[in-house]
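Asks: Sequence first, then the predicted structure, then my questions.
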Amino acid sequence: MQDWNSQVYAFFHPIPKISEQNGRRVHEFRCQGKGCKATVRRYLNKGDARSTGNLRKHVRSCWGEDILKAADEVKDADEVRKNIVGSGKGKITYSHHQHTCTETRAEIVHWVSENLQPFEIV
């Protein structure tokens, strides 16, 4: 785990599950996205055992291209965890799912009432 210094690791739980599938050892990385239960497997008996391609592919589909680009510009995975993923209590987290119609209306009503805007928008 010391050699895992790519920023993409910050989007997954820090300690992967180590298991065996069909006689092959595998690391299973679980996504930290809210509501995401996806795991990305990395087989250890292959030449590309250190590749982060599949991890990046999942982050792109789960969190979005803009979040992945922002993470690439940061120094290390710890800073990504702290500033983008926000894995601790009281940290800032970013939603990576679109609001439903009801949630959108609730956000608009909240904004209107908080900023003393006219209620005609709602």
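Replies: In hand now; what should we look at?

Asks: how about the strands in this protein?
Replies: 17-21, 24-30, 39-43 (DSSP state E).

Asks: what are the pairing partners of the last one, and which direction each?
Replies: For strand 39-43, sheet partners with direction are given as strand 24-30 (antiparallel), following DSSP bridges.

Asks: how far is the partner strand from where the chain is centred?
Replies: Computed by CA atoms, centre = their mean, to the nearest Å, the chain-centroid distance of strand 24-30 equals 18 Å.

Asks: And stretch 36-49, by the same measure?
Replies: With CA atoms, centre = their mean, you get 17 Å for stretch 36-49.

Asks: Which of the strands of the chain sits closest to residue 105?
Replies: Residue 105 lies closest to strand 24-30 among the strands of the chain, at 33.2 Å (CB to CB). From N, CA and C alone the C-beta is placed, and that goes for glycine too.

Asks: Out of the strands of the chain, which is closest to residue 116?
Replies: Distance to residue 116, taken as CB to CB, is lowest for strand 24-30 among the strands of the chain, at 43.7 Å.

Asks: avg pLDDT for that closest one?
Replies: Averaging pLDDT along strand 24-30 gives 89.

Asks: Show me where this structure dips below the pLDDT cut-off.
Replies: 1-3, 48, 86-96, 117-122 (pLDDT under 70).

Asks: now do 80
Replies: 1-5, 34-35, 46-51, 74-97, 111, 113-122 (pLDDT under 80).

Asks: before we move on, the earlier item: minimum distance to residue 84: which of the strands of the chain has it?
Replies: Nearest to residue 84 among the strands of the chain is strand 24-30 (16.8 Å), distances taken as CB to CB.

Asks: who touches the closest one?
Replies: 9, 12-13, 16-20, 37-45, 55 (CB atoms under 8 Å, 6 or more residues apart in numbering).

Asks: now the angle from it to strand 17-21?
Replies: Angle of strand 24-30 versus strand 17-21, following axes from the mean of the first three to the mean of the last three CA atoms, to 10 degrees, is 140 degrees.

Asks: Nice, that's everything, thank you.
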